[in-house]
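Peer 1: fold the following.
(2 chains)
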Number of protein chains: 2
Amino acid sequence: MLEKRDPIPVQEAVHHVMKYAARGEIEYISIDQCDQRYLGDDIIASHDVPPFDRSPYDGFAIRAEDSFHASQSNPVEFEVIEEIGAGQVAVKEVKPFQAVRIMTGAQMPKGANAVVMLELTKEIEKDGKRFMVIKRPFKIGDNVSYQGTETKKGTVLVEEGRRINPGIKAVLATFGYAQVPVVKKPIIGLYATGTELLDVDEELTPGKIRNSNAYMITSQIYRTGAEAKYFGKLEDDLETCFQAIKNALSEVDFLITTGGVSVGDYDYLPEIYKKLGASVLFNKIAMRPGSVTTVAEYNGKLLFGLSGNPSACFVGFELFARPIIRYWFHSKRPHLQKVKATLHADFPKANPFTRFVRSKLIFEEGKLLVEPSGLDKSNVVTSLIDCDSLMILPGGTRGFSVGDEVEVLLLENEKGSEWPWN
Amino acid sequence: MLEKRDPIPVQEAVHHVMKYAARGEIEYISIDQCDQRYLGDDIIASHDVPPFDRSPYDGFAIRAEDSFHASQSNPVEFEVIEEIGAGQVAVKEVKPFQAVRIMTGAQMPKGANAVVMLELTKEIEKDGKRFMVIKRPFKIGDNVSYQGTETKKGTVLVEEGRRINPGIKAVLATFGYAQVPVVKKPIIGLYATGTELLDVDEELTPGKIRNSNAYMITSQIYRTGAEAKYFGKLEDDLETCFQAIKNALSEVDFLITTGGVSVGDYDYLPEIYKKLGASVLFNKIAMRPGSVTTVAEYNGKLLFGLSGNPSACFVGFELFARPIIRYWFHSKRPHLQKVKATLHADFPKANPFTRFVRSKLIFEEGKLLVEPSGLDKSNVVTSLIDCDSLMILPGGTRGFSVGDEVEVLLLENEKGSEWPWN
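Peer 2: A predicted model of the protein is given here:
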């Protein structure tokens, strides 16, 4: 009566999922719309930076050689022959003992090879002409930002798969990417199962609880950058469920269900996979929570059967759905980044399987600490409020104590990891 | 000719800005739209969790006392009188040596006080009746999740000012927040100045560069959760600028300008503040980059005059604009979180003033390391690509070396700090 399932290690399960990883298509969108999207292509410097020799300061452009003998006792005068602002180009060439008044960012005038900062000069007028006086020497190249010293034309500046942040957007603007190549968002369908589930606007009735998983998962989907399409609750009838899932699959790139994957009498998903002819990649993982997390494949599309327990559902999404979505977004580091941290609270409960504990990070005196973000029971929702990481506690016969070194997966960091989990 | 400005310490500048901090108004939006918005009110548990005594497992609900003598050699039989799924409520009361088949999450039947997991039972049929057999004793309360043990009704679960993440959304759903109280987004206006600036879709011409600050700042504005309203480039004419800024102020909650705050001949902003009758809070800060960052107040609204240099502009926004925006969003920790880290690269350049270096964090063996995210020159845009933090290097006569302990402000973390910067 009870189906026998063989648990596989977590990493093996991730490998099975990633066999179906595919890169999403590119679309071009306005730079004004590109925030938080993923680059579909490398961003390349379309010109040198600076694009011309320029002054990093307000001041005077001179020939350094004219200043070599300047000192406190021997001030040297330069005739100011022109004044140029940023964006302007000098018309005249700087000849011996001449200077051009130049603004921050302006192009160096012909003949000049150094800039004297405004603060180091004094201006005087003589015979109706304007002069500038300095009392110290300057070297050739002083205060000149030379063309290409920051970035050479053709350099790959940002790799595809990176999420666009303020700095990347600044780079896109600098190099004229008015249209930005980004990855089209995959559509992640979502069905909830569970006769005990009420909608968020329904009053509680005996035996029922409100559906929180669907809202949590859509939020997790948005966090990855993908689109979520919530289809509602699956009916109790197998044939109806089967049709609903089959139809949904044609509208989405991935389909997530919550609940119904356990071995209880009301868990319909295994039967639906069978009726669909989907191949089940795994239906039991050697981990807590989420051991019944099931992934199946149908016509090249993946069905993620996440547990109905909030924590198991949450963890199952981050471990198995997130990386393939990030891969879709061309990420070269689609998996969660794993780091080491010091346990900041006792965790006395031993577990035969690897446990992923909803946790929060603490920075203290240059060290990374981690502690559970709340009660570690699989149906507890409040532990997710402050959850920014998952502590990995290996299976064994003992619990863990303050000061133990543990490994942690970071949930809110864009860096990621190439493979689970380096 | 050169205006004399007295630099004030960074923290003092932040204090001046925060004197004008105000909380934004609350609006109610659908839970489906609430991702990444800020809570305008505390979220309170509207019922106990669990809302009733329930079973955390699939199994059988029994009276524990009937099992006290069960053992391998003394199996005890229970008559299965009813079967309930999650969301259903048992009709019958459990009497001595009776059991109710119960699913995960279902409410405990009357009379029962323990749950036996399915795996520990055997089912048999006798005289057309259904029985369940166990071979070990259970204690009262075994495998029962009692009402209110996770959360008591009335508990404050999430404080106002928190940004809604998947966990908080799950909590909102659990407690029936179909409409969520969030803070209305402030509108941050933006004007760029600089005759050297080309639009992103214009070809480079001699002496000109493309405007990257406007794009970077809108992205930084979005990162705080606020709305950005870009008005374009300010004209070179003082009267036109003055009118433009005056008009813009009536449409926004804060106004940011980039460039034009230095002491160069083309820096109009100081004159505009004067003509406007705005009171300048400060126009010189003892820091690099961004020493000319200016903040002025006009009719209770703040004008942030950020430097035209990309790094100075970037840093100025994060240090001075971000906290007052976060305060608007009811945050109790509106400032950047400051942590300690170990320097992972030499930084030989000494500086008389506190320096905020665009940096990236590295996690290594449980320690937090930090290094510059690129060339530390104020006009360098590419250093912003990987910038997730700002290293604070105090002013002094020496540079810094690998292994030095430094302080770092975190840019991509939601935790924040109550005051700059604890």
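Peer 1: quick check: A:Val261 vs A:Leu390, distance?
Peer 2: Counting by CB to CB, to the nearest Å, the separation of A:Val261 from A:Leu390 is 20 Å. Placement of C-beta: from N, CA and C, glycine included.
Peer 1: looking at those two, which one has more neighbours?
Peer 2: A:Val261 (29 against 25; other CB atoms under 10 Å in any protein chain shown).
Peer 1: assign a three-state SS to that one, would you?
Peer 2: A:Val261 carries the three-state label coil when classified by DSSP: H, G, I helix; E, B strand; the rest coil.
Peer 1: right, and it touches A:Ile272 too?
Peer 2: No - using CB atoms under 8 Å, A:Val261 is not in contact with A:Ile272; the gap is 10.0 Å.
Peer 1: which residues in chain A form helices?
Peer 2: Assigned by DSSP state H, chain A shows helices spanning A:10-18, A:166-174, A:213-224, A:238-249, A:269-276, A:310-316, A:322-328.
Peer 1: in stretch A:28-38, what counts as buried?
Peer 2: By 16 or more other CB atoms under 10 Å in any protein chain shown, the buried positions in stretch A:28-38 come out as A:31, A:34-38.
Peer 1: quick one: the residues you listed as JSON lines, columns for pLDDT and distance to A:His15 too.
Peer 2: Shown next, in JSON lines, are these (pLDDT from 0 to 100; distance: CB to CB, whole Å):
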{"residue": "A:Ile31", "pLDDT": "98", "distance to A:His15": "38"}
{"residue": "A:Cys34", "pLDDT": "98", "distance to A:His15": "33"}
{"residue": "A:Asp35", "pLDDT": "98", "distance to A:His15": "33"}
{"residue": "A:Gln36", "pLDDT": "97", "distance to A:His15": "29"}
{"residue": "A:Arg37", "pLDDT": "98", "distance to A:His15": "28"}
{"residue": "A:Tyr38", "pLDDT": "98", "distance to A:His15": "23"}
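Peer 1: show me the two of the residues you listed that sit farthest apart.
Peer 2: The span of the buried residues of stretch A:28-38, defined through CB to CB, is set by A:Ile31 and A:Tyr38 at 14.5 Å.
Peer 1: flag every residue of the stretch 201-350 of chain A that's near chain B.
Peer 2: The stretch 201-350 of chain A comes close to chain B at residues A:201-204, A:206-220, A:222-223, A:262-266, A:308-310, A:314, A:337, A:339-342, as judged by CB under 8 Å from any CB of the partner chain.
Peer 1: how about low-confidence regions in the stretch 301-422 of chain A?
Peer 2: A:421-422 (pLDDT under 70).
Peer 1: what segments of it are strands?
Peer 2: A:301-306, A:337-343, A:354-364, A:367-372, A:389-393, A:405-410 (DSSP state E, counting those that start in this stretch).
Peer 1: which neighbouring elements make contact with the fourth one?
Peer 2: For strand A:367-372, the packing partners by 3 or more CB pairs under 8 Å, 6 or more residues apart in numbering or on different chains; DSSP states H and E come out as strand A:337-343, strand A:354-364, strand A:389-393, strand A:405-410, strand B:367-372.
Peer 1: including distance to B:Ala178, could the strands of the stretch 301-422 of chain A go into JSON lines?
Peer 2: Shown next, in JSON lines, are the strands of the stretch 301-422 of chain A (distance: least, CB to CB, whole Å):
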{"stretch": "strand A:301-306", "distance to B:Ala178": "23"}
{"stretch": "strand A:337-343", "distance to B:Ala178": "35"}
{"stretch": "strand A:354-364", "distance to B:Ala178": "25"}
{"stretch": "strand A:367-372", "distance to B:Ala178": "30"}
{"stretch": "strand A:389-393", "distance to B:Ala178": "29"}
{"stretch": "strand A:405-410", "distance to B:Ala178": "32"}
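Peer 1: nearest approach to A:Thr149 belongs to which of those strands?
Peer 2: strand A:337-343 (33.1 Å).
Peer 1: avg pLDDT for stretch A:277-291?
Peer 2: The predicted model assigns stretch A:277-291 a mean pLDDT of 95.
Peer 1: likewise for stretch A:254-261?
Peer 2: Averaging pLDDT along stretch A:254-261 gives 92.
Peer 1: between the two ends of stretch A:39-54, what distance do you get?
Peer 2: Taking CA to CA, to the nearest Å as the measure, stretch A:39-54 stretches 31 Å from start to finish.
Peer 1: next, the buried residues of it.
Peer 2: A:39-41, A:43, A:45-54.
Peer 1: that one near chain B anywhere?
Peer 2: Yes - if you take CB under 8 Å from any CB as the test, stretch A:39-54 does meet chain B, through A:47, A:49-52.
Peer 1: just these now: which is nearest B:Asp376?
Peer 2: Distance to B:Asp376 across the residues of stretch A:39-54 next to chain B (CB to CB) is lowest for A:Val49, with 15.2 Å.
Peer 1: ok, that closest one touching A:Glu150?
Peer 2: Yes - under the criterion of CB under 8 Å, A:Val49 makes contact with A:Glu150 at 4.3 Å.
Peer 1: about what we covered before: need the buried residues of stretch A:28-38 in TSV with distance to chain B, can you?
Peer 2: Formatted as TSV, those follow (distance: CB to the nearest CB, whole Å):
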residue	distance to chain B
A:Ile31	6
A:Cys34	9
A:Asp35	5
A:Gln36	8
A:Arg37	11
A:Tyr38	14
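Peer 1: before we move on, back to that, nearest to B:Glu418, out of the helices and strands packed on strand A:367-372?
Peer 2: strand A:354-364 (15.4 Å).
Peer 1: intersection of neighbour lists for A:Val49 and A:Glu150?
Peer 2: B:380-382 (CB atoms under 8 Å, 6 or more residues apart in numbering or on different chains).
Peer 1: leaving out chain neighbours, which residue sits closest to the residue in the stretch 1-150 of chain A positioned nearest to chain B?
Peer 2: Nearest residue of the stretch 1-150 of chain A to chain B, counting by CB to the nearest CB: A:Gly87, 3.0 Å away. Excluding the flanking residues, the one nearest A:Gly87 by CB to CB, 6 or more residues apart in numbering or on different chains is B:Glu196, at 3.0 Å.
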